[in-house]
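> Predicted structure and sequence below. I'll ask about it afterward.
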Amino acid sequence: MSAPTKQLGKLSIGGSMPTTRGQVQGEPAATRPEDDLEDSSSDDEVSNSEEEDAGGSSPPPLVDGNSGITYNIGPLPRELRSRAIAGLTGLKFRVDVCRTTRSGLEFQVADHGKVFLGQQGPMTCNCLDFRQSRDACRHIFWLTDQLHRCVLPGAPAPGLPLLRTGACPDLPPIYNPVSDNIEEIAKAREWLFIPDAGSTDSSDQESGPTMSRPEKVRDLLSAFTSAMPDEFRTDQAAETISQPRTPEGCVVQRDFEATMLRLAVQDEALYNSLRKAMPSPARAKIFFEKIEARYKKLLSNFDEYRKNGPMQVEGAALEIGVVINELHGYVAQIKENIELRAPHSFTTAPDALITLLRDISKLNYDAFEDNNWDRDAPPTETEDDRNLFLRLIGKPDITGQYFILDVLDDLPPCTLKDREDQIKEIMSNIRVSNMSSKAYLQKLQSLLHRDRAAGMGPGTTTYGQKRPAAGTPGSGRKRTK
């Protein structure tokens, strides 16, 4: 992958993206630039091409889907036919994550929308096209074709009709065959599968780990800055930048960032160019690197504070309680973004977690023992109270909660095995002084043994599924302060 900033020359602010992506029976295939075959595709927010097609002649009724199945879109209203063509013949859509929920199946279509297939009723999607019309969007038509390819025993006769919901009246509902074989389907299609994700029961799919268009643009543009996505240009409210505007109306005088933010929300071509310049894997890597840089700075400031006192650092006094709260916040951000940025996060998030665990394991001692200033300690404070590592891990032997390790436990197997040298260093730093540290060490050892034994062959990767692991007796090793 070339450096993201080198691809900025590809940015363009243009008109609508072409809708027709494949061969429609009765008319030649549309030609497209080679760049159109790359990472990104039209998003879910606006489909200018649909509006243009709706005003012209009606597309031919027979369409060859990517699966090889020929569909009859004649029963659809004219304005839906171009949308069906865009979905059935679209080459750029893909499922990043599919998961089971209490009420059905979710399919996260990369950078576009979340499609929900329930036990009852037609598919739904959280994209803007579906929310505005309640008719099937491109993502639903595309996913319907992909699932037909997986569950139908053979190619049906040409002309399979489609309804405006995306369903086929000539076939039984596809929920049962898809649900019964979802793991095999995910493996065959190389989709990330998350079993029993415990998602909320929501038919409209407004909740869950998916981004709105303004959030996606903030994520893209913030990758070029030191700001986190939720910190980037907070003065530009989502409600304001989402309002329909002309390119001229997006201009904010003497403010390039705000102008780009508004333009990328409104302009499909610019948005897609930005995604090519800063693709999802690069954004995931940058996000976790920012988190790592922030907690390293925090720990560095704490080290200065504990040695020399509050006059040596900026801001509030960095007592252990303040540091603990901030570190818990960083780990929560990592956990949230692992699922949000899967599967790319599986290769970058573990490094941020393990590096943090290594850094805090080195602080497994009385932080203020050799300080150079007269710290006013609370009268009931103990040596363990001044131990940042022990304070962070808490009492896992009682609560069953393991700081950082619970997040690592949710990651695919082999995560720790690939970083075994770092794990061994961390183990050597953990001084077994009480039941809490012993329980924590045992948990870490069990995770490493599990990953050593994990045989990950080709196929589907799971995230979020707890795996039983046998505990390993504590080593009893002590670290000399």
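That came in fine, so what should we check first?

> So Phe368 sits against Arg386, correct?
Yes: at 5.2 Å, Phe368 counts as touching Arg386 under the criterion of Cβ atoms under 8 Å. All C-beta atoms are positioned from the backbone trio N, CA, C, and that covers glycine.

> Reduced to three states, what does the spatially closest residue to Ala238 that is not a sequence neighbour come out as?
Using Cβ to Cβ, 6 or more residues apart in numbering and skipping residues adjacent in sequence, the residue nearest Ala238 is Pro214, 4.3 Å away. Three-state assignment for Pro214 (DSSP: H, G, I helix; E, B strand; the rest coil): helix.

> residues near Pro214, how many?
Residues contacting Pro214 under the criterion other Cβ atoms under 10 Å number 20.

> now the one 4 residues further on
Applying other Cβ under 10 Å, we find 26 other residues in the vicinity of Arg218.

> ok, now Arg149?
Arg149 has 17 nearby residues by other Cβ under 10 Å.

> In three-state terms, label the nearest residue to Val109 once chain neighbours are set aside for me.
Spatial nearest neighbour of Val109, chain neighbours left out: His139 (4.7 Å); criterion: Cβ to Cβ, 6+ apart. Assigned with three-state DSSP, His139 falls in the helix class.

> All the helices of the stretch 101-250 of the chain, in order from the start?
Using DSSP state H, counting those that start in this stretch, the helices of the stretch 101-250 of the chain run over 128-133, 138-151, 175-180, 182-189, 213-222, 238-241.

> If we go by neighbour counts, what in the fourth one is buried?
Okay, so that is helix 182-189. Judged by neighbour count (16 or more other Cβ atoms under 10 Å), helix 182-189 contains these buried residues: Ile182, Ile185, Ala186, Arg189.

> now the last one
Of the residues in helix 238-241, those with enough neighbours to count as buried (16+ other Cβ under 10 Å) are Ile241.

> Next secondary structure element downstream of it?
Once the chain leaves helix 238-241, the next helix or strand it forms, by DSSP states H and E, is helix 256-266.

> about what we covered before: any idea how far the residue nearest to Ala238 lies from Val265?
Noted for Pro214: a distance of 6 Å to Val265, by Cβ to Cβ, to the nearest Å.

> what about this structure, any weak spots by pLDDT?
1-60, 111, 196-210, 311-316, 454-481 (pLDDT under 70).

> Domain-wise, how is it divided?
16-194, 213-277, 280-453 (automatic domain parsing).

> buried set for the helix or strand encompassing Asp397?
Using DSSP H and E, Asp397 sits in helix 396-399. Buried residues in helix 396-399, counted by 16+ other Cβ under 10 Å: Pro396, Asp397.

> which residues are contacting that helix?
Contacts with helix 396-399, where a contact means Cβ atoms under 8 Å, 6 or more residues apart in numbering, come from Tyr402, Phe403, Met435, Ser436, Lys438, Ala439, Tyr440, Lys443.

> Let's see that helix as CSV, backbone CA atoms only.
C-alpha atoms of helix 396-399 as CSV (Å, rounded to 0.1, in the frame of the first residue of the first chain):
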residue,chain,number,x,y,z
PRO,A,396,-10.0,-10.2,39.5
ASP,A,397,-10.1,-13.2,41.8
ILE,A,398,-13.3,-11.7,43.3
THR,A,399,-14.8,-9.7,40.4
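
> from the chain's centre, how far out does it sit?
Relative to its parent chain, helix 396-399 has a centroid offset of 30 Å by Cα atoms, centre = their mean, to the nearest Å.

> Following element in sequence after it, please.
Next along the chain from helix 396-399, counting by DSSP H and E, comes helix 405-410.

> Now that following helix: buried residues?
Leu405, Val407, Leu408, Asp409, Asp410.

> now swap in stretch 303-310 and tell me
For stretch 303-310, by 16+ other Cβ under 10 Å, it's Tyr305, Arg306.

> repeat for stretch 425-434
Buried, per 16+ other Cβ under 10 Å, within stretch 425-434: Ile426, Met427, Asn429, Ile430, Arg431, Val432, Ser433.

> now swap in stretch 64-82 and tell me
For stretch 64-82, by 16+ other Cβ under 10 Å, it's 64-67, 69-73, 76, 79-82.

> what touches both of Phe368 and Arg386?
Common neighbours of Phe368 and Arg386 (Cβ under 8 Å, 6+ apart) are Ala377.

> re earlier: which neighbours do Pro214 and Val265 have in common?
Shared contacts of Pro214 and Val265, defined by Cβ under 8 Å, 6+ apart, comprise Ile241, Ser242.

> Nearest to Asp230 among the buried residues of helix 405-410?
Among the buried residues of helix 405-410, Val407 lies closest to Asp230 (Cβ to Cβ), at 19.4 Å.

> The closest one and Thr415, how far apart?
Following Cβ to Cβ, the distance that separates Val407 from Thr415 is 10 Å.

> same check, this time on Trp191
From Trp191 to Thr415 the distance is 20 Å (Cβ to Cβ).

> Which one's more surrounded, the two?
Between Trp191 and Thr415, Thr415 has the larger neighbour count (other Cβ under 10 Å), namely 23 against 20.
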